[in-house]
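Student: Sharing a model prediction with you, sequence too.
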Amino acid sequence: MEKSKNEKQYVINHLKNDESWRMFKIIGEFADGIEALHDLGPAVSIFGSARTKTDDPYYEKAEEIAYLFAKNDFSVITGGGGGIMEAANKGASEADGTSVGLNILLPFEDAPNKYSNIKIDFKYFFIRKVMLVKYAMAYIIMPGGVGTMDELFEAVTLIQTQRIKPFPVILVGTDYWAGLVEWMKEQMLSHGNISSCDIEKLKIMDDPEQIVKTIKDVVIV
């Protein structure tokens, strides 16, 4: 999926008054996503770094988590890229489950991974993000970078502001996430910028089977 020579890199910056035709492309992307995913059934979205290598323990754990979710009749949704996303799509696919890749071309990532059996290409980031949250009954947040943080805090914000129904947000990896949660308590909470219930929305877990059980306990499959 290569950019054409005439396609602009910074798509948001290039939305102008005389380009209202882009609204039809935006509507089209929404329609394509909804059409492809409307009957997906129970699903979880799994996030994490696209840079995670295949021999990384978190790659293996993401693959195992996705495999277990698929075996328990959950679809698995990822951003469709490499690293953790690839691992999750691979795990779901190997379990003969529904493995969804919501692909978008980014400057620092490789082509979409080969393990999703439902593939949707997006040009606009915000449409892709709607699809990642709209069809998920839980967010599984593996170690990642800025993009992963973006998805994490957007989910908490949408729940906090009651724009979406509350759902579990699980941070996988005590060694990776405990410092962030502690900082949120020491800084955000102590300054009154968040409430204790915002912290409680985040659950740090490590065991794949326990993660799946936790979601099954709050979701009827």
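Tutor: In hand now; what should we look at? Please read all numbers here as calculations on a predicted model, not as lab measurements. Numbering: from 1, shown residues only.

Student: for the nearest residue to residue 83 once chain neighbours are set aside, what are its contacts?
Tutor: Spatial nearest neighbour of residue 83, excluding adjacent residues (CB to CB, 6 or more residues apart in numbering): residue 52 at 3.8 Å. Every residue, glycine included, has its C-beta placed from N, CA and C. Under the criterion of CB atoms under 8 Å, 6 or more residues apart in numbering, the contact partners of residue 52 comprise 58, 59, 62, 82, 83, 84, 87, 142, 143, 144.

Student: Any of these buried? List them.
Tutor: Restricting those to buried positions leaves 58, 59, 62, 82, 83, 84, 87, 142, 143, 144, with burial counted as 16 or more other CB atoms under 10 Å.

Student: quick one: which of those residues sit in helices?
Tutor: Secondary structure of the buried ones among the contacts of residue 52 is defined by DSSP state H; positions in helices are 58, 59, 62, 84, 87.

Student: Closest one of those residues to residue 154?
Tutor: Distance from residue 154 was checked for each of those by CB to CB. The minimum falls on residue 84, at 17.4 Å.

Student: Quick check: closest non-adjacent residue to that closest one.
Tutor: Of all residues beyond its chain neighbours, the one nearest residue 84 is residue 48 (2.7 Å), with distances taken as CB to CB, 6+ apart.

Student: now that neighbour: how far from residue 118?
Tutor: 19 Å (CB to CB, to the nearest Å).

Student: So those two - more neighbours on which side?
Tutor: Set side by side, residue 48 and residue 118 show more neighbours around residue 48, with 31 against 16, by other CB atoms under 10 Å.

Student: remind me which residues of this protein are low pLDDT?
Tutor: Flagging of the chain using pLDDT under 70 yields the residue ranges 1-19, 107-110, 220-221.

Student: Can you show me the strands along it?
Tutor: Secondary structure of the chain by DSSP state E: the strands cover 43-47, 75-78, 99-104, 118-122, 139-141, 169-172, 202-205.
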